[in-house]
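Novice: Here is a sequence with its predicted model. Questions after.
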Amino acid sequence: MEQLLVHCANAIETNDATLAQQILWVLNNIAPPDGDSNQRLTCAFLRALIARAARSGSLKLLAAMNAAQANLAIHTHKFSVIELAGFIDLTPWHRFGFTAANAAILEAVEGFSVIHIVDLSLTHCMQIPTLVDAIASRQDGLTTPPLLKLTVAGTTEDVPPMLDLSYEELGSKLVNFARSRNIILEFRVIPSSYADGFANLIEQLCVQNLVYPESGHEALVINCHMMLHYIPEETFQNFEPCSSSSTSITTTSTSLRSMFLKAVRGLDPTVVVLVDEDADLTSNDLVGRLRSAFNYLWIPYDTVDTFLPRGSKQRQWYEADVCWKIENVIAYEGFQRVERLEPKCRWVQRMRSTGFRSVMFGEEAVNEVKAMLDEHAAGWGLKREEEDLVLTWKGHNVVFATAWMPA
């Protein structure tokens with residue numbers, strides 16, 4: 001099926017409507033949307049190729065695609081907080097990163113009276129209650145719990161999973177939850193976009209550091225959970241790290257991602273945790289990108305049978321979000337193509353080149369991740385790669401977790 005999709009992609013790129021229509025007819029017959037996991041995966045890519053053809057502006061090709069496209073619309077769901085929390089708990093896809101990151105954060109902030117967490121998370125702060133619980137459970141009742149400051153980027157873009165309430169409302173719920181655990185939490189939203197490398201967020205954090213000099217009592221945690229791959233690879237805006245001794249970045253060869261990491265390094269954080277999906281979807285070549293995506297995104301389709309029944313609403317939501325990702329990877333180009341995953345090895349290079357050193361996850365973190373995985377299907381696994389942890393499915397890398405401190 002992968003090879004048929006590749007032929008179809010080539011036909012679309014060369015504007016060969018006749019060949020594209022023939023392949024589409026075959027794919028439509030062998031990859032129904034309610035088939036097995038491989039058929040549903042293929043159907044999602046078929047839908048994405050049709051969407052790409054529709055965007056190509058070829059009237060002849062559009063006519064060939066029109067009928068099939070009408071039956072393949074994506075309906076992404078807007079989650080309530082309760083729905084999203086329950087949805088995330090179904091699979092280790094996000095829980096792995098939460099568990100590993102929390103262990104690294106707790107170890108790094110030991111002894112600090114103020115913990116400032118900058119949360120750049122695809123899951124809308126769903127990690128924070130688990131971290132608050134972990135901090136609260138460590139209190140002995142004799143010492144004052146640390147003050148938590150939580151800063152989030154109020155992005156205007158919508159990428160799944162989507163939330164049905166504002167970040168201000170979400171913050172109120174988090175503050176109340178922390179209070180119930182005898183933890184004081186201050187919540188702040190800074191309007192900022194991944195499209196420019198969270199430039200406004202960095203600027204505001206720089207200003208804060210200048211107004212409130214480092215006292216030695218406040219830990220700064222930068223928690224990046226599956227969000228940094230939305231920062232565009234293309235450099236289109238210069239911004240400068242906080243350190244007054246650094247020089248402005250003006251070279252077009254430096255990516256916006258590396259600029260962001262250099263700016264984060266200028267904040268001198270206590271710890272940076274970077275969790276993301278371990279795949280490479282950055283190729284400018286459509287066929288290369290299609291192959292990479294097909295050979296990674298079979299995993300969510302393969303795993304879903306282990307935790308959601310056919311026909312359930314949650315399964316529809318889950319697969320719609322995966323379809324959204326596939327369409328973005330295949331049908332879009334330029335800054336509209338925001339799903340630009342990079343593999344762990346490339347993020348490691350970026351972090352090291354911007355002045356960070358990796359921190360090994362301890363045995364406590366490993367044991368906590370293993371205990372979490374025991375709650376899920378047998379196909380999930382954990383492996384170490386140097387200092388890092390990697391979540392696997394049937395031996396294939398899925399998500400990586402890395403922890404970093406200034407070198």
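Specialist: Structure received.

Novice: Quick one: list the elements packing against the longest strand along the chain.
Specialist: If you go by DSSP state E, the chain has its longest strand at strand 396-406. Under the contact definition 3 or more C-beta pairs under 8 Å, 6 or more residues apart in numbering; DSSP states H and E, strand 396-406 sits against helix 92-108, strand 271-277, helix 344-353, strand 356-359, strand 388-393. Heads up, the C-betas are built off the backbone N, CA and C, glycines and all.

Novice: nearest to Ser255, of those?
Specialist: Taking C-beta to C-beta, helix 344-353 is the member of the helices and strands packed on strand 396-406 nearest to Ser255, at 8.2 Å.

Novice: Can you find the helix or strand of this structure with the lowest average pLDDT?
Specialist: helix 59-70 (a mean of 54; mean pLDDT, DSSP states H and E).

Novice: Give me the sheet partners of the longest strand of the chain and which way each runs.
Specialist: strand 271-277 (antiparallel), strand 356-359 (antiparallel), strand 388-393 (antiparallel) (DSSP bridges).

Novice: Report the buried residues of it.
Specialist: Buried residues in strand 396-406, defined by neighbour count with 16 or more other C-beta atoms under 10 Å: His396, Asn397, Val398, Val399, Phe400, Ala401, Thr402, Ala403, Trp404, Pro406.

Novice: Output those residues as CSV; include the columns distance to His94.
Specialist: As requested, those are exported to CSV (distance: C-beta to C-beta, whole Å):
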residue, distance to His94
His396, 18
Asn397, 16
Val398, 11
Val399, 8
Phe400, 13
Ala401, 11
Thr402, 16
Ala403, 17
Trp404, 20
Pro406, 27
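
Novice: Just name the closest of those to Ile88, please.
Specialist: Set against Ile88, the nearest of the buried residues of strand 396-406 by C-beta to C-beta is Val399 (12.8 Å).

Novice: show me the contacts for that closest one.
Specialist: Applying C-beta atoms under 8 Å, 6 or more residues apart in numbering to Val399 gives the contacts Trp93, Phe96, Gly97, Met226, Val275, Asp276, Glu277, Asp278, Val390, Leu391.

Novice: With distance to His7 as added columns, please give the helices and strands packed on strand 396-406 in a markdown table.
Specialist: Converted to a markdown table, those look like this (distance: least, C-beta to C-beta, whole Å):
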| stretch | distance to His7 |
| --- | --- |
| helix 92-108 | 31 |
| strand 271-277 | 27 |
| helix 344-353 | 29 |
| strand 356-359 | 42 |
| strand 388-393 | 28 |
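
Novice: got TSV for the ones you listed, with mean pLDDT and mean neighbour count too?
Specialist: Below are these laid out as TSV (pLDDT from 0 to 100; neighbours: other C-beta atoms under 10 Å):
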stretch	mean pLDDT	mean neighbour count
helix 92-108	98	24
strand 271-277	98	25
helix 344-353	96	16
strand 356-359	98	17
strand 388-393	98	22
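
Novice: rewinding a little: just the angle between the longest strand of the chain and helix 92-108, please?
Specialist: 20 degrees (axes from the mean of the first three to the mean of the last three C-alpha atoms, to 10 degrees).

Novice: State the number of residues packed around the nearest residue to Tyr194 once chain neighbours are set aside.
Specialist: Residue nearest to Tyr194 in three dimensions, not counting chain neighbours: Tyr230, with 4.1 Å by C-beta to C-beta, 6 or more residues apart in numbering. Neighbour count of Tyr230, defined by other C-beta atoms under 10 Å: 21.

Novice: Please apply the same query to Leu205.
Specialist: For Leu205, using other C-beta under 10 Å, the count is 23.
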